[in-house]
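>>> I'll drop the sequence and a predicted model, then ask my questions.
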Amino acid sequence: MTASTLPIATEFIGLLPKNGIKPYKWNVSAENNSKQRELIIRYLNQHLKPSLPTNIVIYDVANNKSLLDTPVTENSPFPFKLQDGI
C-alpha cells in the first residue's frame, strides 16, 4: 500500500458498544509474529469493524516502514520531515 492508496483519515462520530468487545485471546506466538498479526486483524474486523463507520478500514501496517513518512512541501502539515521505520 502506498501513500496515494491510503484512505483519507476520518473522524469517528458514533457510539461504540457499551460493553466493548470480547477480549482477544493471544496465542503463544510473539505479538509481531505474522500469524499472530493475521489473527489480530481478523479479530478486529470481526468484532470491532461492525461498530465503525463503513469507510474505516483496519490494516496490518507492521511492516510498512514508510507509513509515517511525510515530506516537507508547501502544503505540509509540519514544517519538518517525519520518517518512520528506524
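Arrived safely, thanks for sending.
>>> Leu39 and Glu31 touch, don't they?
No. Using C-beta atoms under 8 Å, Leu39 makes no contact with Glu31, being 10.9 Å away. Any C-beta I mention is one placed from the backbone N, CA and C, and that applies to glycine too.
>>> next up, the contacts around Asn45.
Contacts for Asn45 (C-beta atoms under 8 Å, 6 or more residues apart in numbering) come out as Ile58.
>>> buried residues, the helix or strand hosting it. List them.
According to DSSP states H and E, Asn45 maps onto helix 34-47. Neighbour counts over helix 34-47 (16 or more other C-beta atoms under 10 Å) mark 36-37, 39-41, 43-44 as buried.
>>> and those, which two are furthest apart?
Of all pairs drawn from the buried residues of helix 34-47, the greatest distance, 12.6 Å, lies between Gln36 and Leu44 (C-beta to C-beta).
>>> coming back round to it: make CSV out of the buried residues of helix 34-47 and add pLDDT and distance to Leu68.
Output for those, formatted as CSV (pLDDT from 0 to 100; distance: C-beta to C-beta, whole Å):
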residue, pLDDT, distance to Leu68
Gln36, 91, 22
Arg37, 91, 18
Leu39, 93, 25
Ile40, 92, 20
Ile41, 93, 19
Tyr43, 93, 24
Leu44, 92, 20
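>>> roughly how far apart are the residue lying farthest from the centre of the chain and Lys81?
The C-alpha centroid of the chain is most remote from Glu74, which lies 27.0 Å away (C-alpha atoms, centre = their mean). Distance, Glu74 to Lys81, by C-beta to C-beta, to the nearest Å: 14 Å.
>>> equivalent analysis for Asn63, please.
From Asn63 over to Lys81 (counting by C-beta to C-beta), the distance is 21 Å.
>>> and if you look at Thr70?
From Thr70 across to Lys81, the span is 7 Å (C-beta to C-beta).
>>> those two: which is more packed in?
Thr70 (15 against 11; other C-beta atoms under 10 Å).
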